[in-house]
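In: got a sequence here, can you build the structure:
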Amino acid sequence: MNDCLFLPVEIAGIEFKNPFYVASGPTTRTVEQLLAIEKAGWAAASIKLSIDPPPYINRHPRYSLFKQYDALGFTAEKRLTYDQGRLVISEAKKKLNDLVLMANIAYSGEKGAQGWVDMALGFEDAGADMIELNMCCPNMSFNVQVTSGDKDVINQRTGASIGQDEEVVTEVVGAIKSKLTVPLIVKLTPEYGGIGSVAKAAYLAGADAVSGTAGRLGIPPIDLEHPEKSTFHLQDEVGMVCLCGAWIKPLALRDTYEIRLACGPETPIFATGGVRNAHDALETAMCGGDMIGICTETLIRGYNFIGDIVAETKKWLVSHGYKNLNDIRDRIVPAVKSAPELTLWRGHAKVVKPDLIAPCRAVCPKGIDIQAVLKKISQGDKLRAYQLAAGSEACEGCSAPCEKSCVRGRADGALSIKKILTNLRADAKIKGVDITMCAEDNHKDRAVSKAADVLSNRSIRNIGVFPDASSWLEESASRCLKCGCGEGCATCSEICCEFAVTINEQSRIAIDSSRCVACGMCFNCCPNKNIQMFNTGETL
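Out: Predicted structure coming up:
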């Protein structure tokens with residue numbers, strides 16, 4: 001065995017070479033996939049959901065990535081039948097070496113608990129190392145139930161439709177455990193809340209471990225021009241979507257925490273949801289996870305990233321004096337406090353460097369507030385941009401030190417500030433605005449007034465200002481990193497709901513500590529990290 005992948009975990013008498021498994025999903029449907037999973041270094045895999053009798057909802061899958069949510073969604077999915085699932089297990093067992101195989105199953109027939117028992121025993125006979133009861137899947141009866149708004153509209157209750165019912169879970173788990181000889185995992189739904197209490201009921205009924213799930217049912221992004229149509233390729237109508245991926249990690253951590261809190265330290269938890277890297281894995285362990293399941297990320301990246309996750313997890317553990325994940329498991333559980341128990345300190349926001357200005361403005365021979373000009377251009381506020389650009393007539397003969405100091409140059413190329421200001425002047429000239437008038441304070445209002453008069457008396461069509469140039473101006477200006485305080489950024493003053501942050505006459509940020517409630521939003525949003533939260537030392 002590759003020592004780099006060795007971070008052993010033992011659960012219910014089964015040793016896993018590391019705590020990572022591919023959770024049940026589209027990437028665990030075939031023997032070929034399972035062989036690739038073992039080769040990549042995963043410890044286990046839970047095969048694709050198998051349903052008996054044959055799935056009554058079994059459509060070809062439709063997936064979509066929603067980058068604005070950091071999520072993957074699917075509206076339809078293909079499951080395995082009982083016979084197909086058993087065949088995958090039996091054939092894979094002939095070829096695999098050390099990959100632990102879990103059979104993910106759901107019974108949907110008329111025999112009740114006995115149907116679950118027969119199915120579990122059939123997969124045990126096929127060679128499954130563990131049985132995982134699927135009481136979480138939101139794309140079967142639960143999908144129909146939520147879409148119709150009536151839980152009584154369905155006769156065949158599966159997945160999330162029964163996973164929140166303590167009585168059903170207890171009955172099924174108890175019946176299976178009285179016959180089964182391999183470990184039993186119960187994969188529960190958080191959809192109705194109370195996952196901790198249902199998990200506790202499953203353990204009391206004999207379950208060897210409990211698992212959370214990585215998906216929630218929701219409405220997908222809507223095409224505002226055609227709201228009734230699907231945003232998925234090769235699908236006509238809009239439908240309920242199972243949303244999974246990185247966005248769900250805070251909810252998945254809560255599920256793991258609730259299960260651990262309800263069931264205590266002795267019960268193993270197979271935790272899954274939003275895990276992409278070692279940092280996510282460590283967080284999951286601290287909330288109570290023993291084994292960590294990953295599914296969505298294998299759809300996005302394949303299987304081979306697991307080596308990096310194991311290596312980085314081991315590196316962090318060793319650097320902090322730990323041997324394995326069990327050493328940090330549950331660390332966060334006793335630390336989580338309810339809202340009334342939280343310690344809050346009195347304080348307020350404070351500007352770190354009151355005189356901070358953008359490098360481009362600092363070196364400008366004319367002292368033009370370049371960052372402010374760029375901001376107004378990107379916002380489409382040409383009037384204010386013209387006013388702030390007073391003095392830019394000197395740009396043509398300037399060596400452009402502003403571009404040499406542009407912080408953006410360290411990343412992907414400095415802004416063409418000289419060209420931007422030159423084009424802005426040309427744009428103003430065509431609109432009939434004389435920017436030079438703005439150079440004299442006593443003419444400032446007259447210049448802005450004249451610009452307003454010109455623009456209000458002409459339609460956009462009649463102005464005839466090179467549309468391509470105007471588009472280039474806005475696109476270029478929007479690349480500004482807002483690396484100085486003042487009017488060029490003003491994010492803090494724009495978002496402060498207490499109106500405690502203002503811009504003074506010197507175009508500097510000012511914070512009224514008497515109005516500040518120390519919510520922390522200006523601190524969180526400042527692109528310059530120029531705001532800190534000052535602690536007075538008094539508790540609230």
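
In: pretty sure residue 191 is touching residue 212, no?
Out: No. When contacts are counted by C-beta atoms under 8 Å, residue 191 is not listed as touching residue 212 (11.4 Å). Glycine gets a C-beta too; all of them are placed from N, C-alpha and C.

In: higher neighbour count, the two?
Out: residue 212 (29 against 20; other C-beta atoms under 10 Å).

In: show me the residues around the more buried one that make contact.
Out: Going by C-beta atoms under 8 Å, 6 or more residues apart in numbering, residue 212 touches 136, 187-188, 190, 195, 252, 255-256, 259, 269-273.

In: how's this protein carved up into domains?
Out: The chain breaks down by automatic domain parsing into domains covering 3-59+78-214+245-336, 346-353+488-539, 359-477.

In: which residue is nearest the centroid of the chain?
Out: residue 247 (2.7 Å; C-alpha atoms, centre = their mean).

In: let's verify that residue: helix, strand, or coil?
Out: helix (DSSP: H, G, I helix; E, B strand; the rest coil).

In: one step back: can you tell me which of the domains of the chain is most buried?
Out: domain 3-59+78-214+245-336 (a mean of 20; mean count of other C-beta atoms under 10 Å).

In: those strands in the stretch 401-540 of the chain, which residues are they?
Out: 501-503, 509-511, 531-539 (DSSP state E, counting those that start in this stretch).

In: would CSV of those with distance to residue 171 and mean pLDDT be doable?
Out: Shown next, in CSV, are the strands of the stretch 401-540 of the chain (distance: least, C-beta to C-beta, whole Å; pLDDT from 0 to 100):
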stretch, distance to residue 171, mean pLDDT
strand 501-503, 59, 92
strand 509-511, 61, 92
strand 531-539, 50, 95
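
In: closest one to residue 327 among those?
Out: strand 531-539 (32.6 Å; C-beta to C-beta).

In: helices or strands next to the closest one in the packing?
Out: strand 345-351, helix 521-525 (3 or more C-beta pairs under 8 Å, 6 or more residues apart in numbering; DSSP states H and E).

In: who touches it?
Out: Outside strand 531-539, the residues touching it (C-beta under 8 Å, 6+ apart) are 343-352, 492, 511, 513, 518, 520, 522-523.

In: dump it to CSV, restricted to CA.
Out: Taking C-alpha atoms only, strand 531-539 is exported to CSV below (Å, rounded to 0.1, in the frame of the first residue of the first chain):
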residue,chain,number,x,y,z
ILE,A,531,-10.5,49.0,8.5
GLN,A,532,-10.1,47.1,11.8
MET,A,533,-12.6,46.5,14.6
PHE,A,534,-11.5,48.3,17.8
ASN,A,535,-12.3,46.4,21.0
THR,A,536,-13.0,48.7,24.0
GLY,A,537,-12.6,45.9,26.5
GLU,A,538,-16.1,46.0,27.7
THR,A,539,-18.5,43.1,27.3
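
In: how far off strand 345-351 does it point, in degrees?
Out: Interaxial angle, strand 531-539 versus strand 345-351 (axes from the mean of the first three to the mean of the last three C-alpha atoms, to 10 degrees): 160 degrees.

In: which SS class is residue 131?
Out: Looking at residue 131 with three-state DSSP, the answer is strand.

In: now do stretch 480-491: distance from first to last residue.
Out: Start to finish, the residues bounding stretch 480-491 are 14 Å apart (C-alpha to C-alpha, to the nearest Å).

In: hang on, the earlier thing: want to throw the domains of the chain into CSV with distance to residue 238?
Out: Shown next, in CSV, are the domains of the chain (distance: least, C-beta to C-beta, whole Å):
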stretch, distance to residue 238
domain 3-59+78-214+245-336, 11
domain 346-353+488-539, 33
domain 359-477, 33
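
In: among those domains, which is nearest residue 226?
Out: Of all the domains of the chain, domain 3-59+78-214+245-336 comes closest under C-beta to C-beta, at 19.8 Å.

In: gap between that closest one and the chain center?
Out: The chain centroid and the centroid of domain 3-59+78-214+245-336 are separated by 21 Å under C-alpha atoms, centre = their mean, to the nearest Å.

In: try stretch 403-411
Out: Counting by C-alpha atoms, centre = their mean, stretch 403-411 comes out at 31 Å from the chain centroid.

In: okay, how far is it across it, tip to tip?
Out: 13 Å.

In: for it, give me every contacting residue.
Out: 359-360, 362-363, 414-418, 479-481, 483.

In: point out where the stretch 1-150 of the chain drops to low pLDDT.
Out: Counting by pLDDT under 70, the ranges of the stretch 1-150 of the chain that qualify are 1, 56, 138-146, 148-150.

In: now the helices for it?
Out: 31-40, 82-95, 113-126, 141-148 (DSSP state H, counting those that start in this stretch).

In: residue 64 is nearest to which of those helices?
Out: When those are compared by C-beta to C-beta, helix 141-148 sits nearest residue 64, at 16.5 Å.

In: so which elements touch the very next helix or strand once past the closest one?
Out: Later in the chain than helix 141-148, the nearest helix or strand by DSSP states H and E is helix 166-177. Using 3+ C-beta pairs under 8 Å, 6+ apart, the elements in contact with helix 166-177 are helix 113-126, strand 130-135, strand 184-188, helix 195-204.

In: distance of residue 506 relative to residue 486?
Out: 8 Å (C-beta to C-beta, to the nearest Å).

In: go on, residue 235?
Out: If you go by C-beta to C-beta, the gap between residue 235 and residue 486 works out to 49 Å.

In: those two: which has the busier surroundings?
Out: residue 486 (22 against 16).

In: isn't that one right next to residue 373, touching?
Out: No. Between residue 486 and residue 373 there is no contact under C-beta under 8 Å: 11.7 Å.

In: identify the contacts common to these two.
Out: Counting by C-beta under 8 Å, 6+ apart, nothing touches both residue 486 and residue 373.

In: hang on, the earlier thing: show me the contacts of residue 212 that map onto strands.
Out: 187-188, 269-272 (DSSP state E).

In: can you redo these as a markdown table with distance to residue 165 and pLDDT?
Out: Converted to a markdown table, the ones in strands among the contacts of residue 212 look like this (distance: C-beta to C-beta, whole Å; pLDDT from 0 to 100):
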| residue | distance to residue 165 | pLDDT |
| --- | --- | --- |
| 187 | 14 | 96 |
| 188 | 10 | 94 |
| 269 | 20 | 98 |
| 270 | 20 | 98 |
| 271 | 22 | 98 |
| 272 | 21 | 97 |
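
In: can you lay out those as a markdown table showing distance to residue 32?
Out: Converted to a markdown table, the ones in strands among the contacts of residue 212 look like this (distance: C-beta to C-beta, whole Å):
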| residue | distance to residue 32 |
| --- | --- |
| 187 | 24 |
| 188 | 30 |
| 269 | 30 |
| 270 | 24 |
| 271 | 27 |
| 272 | 23 |
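
In: between these, which sits nearest residue 499?
Out: Of the ones in strands among the contacts of residue 212, the one sitting nearest to residue 499 (C-beta to C-beta) turns out to be residue 271, at 43.4 Å.

In: in contact with that closest one, which residues?
Out: So residue 271 contacts 211-212, 252, 255-256, 284, 287-293 (C-beta under 8 Å, 6+ apart).

In: run through the bridge partners of it.
Out: For residue 271, the beta-bridge partners are residue 292 (DSSP bridges).
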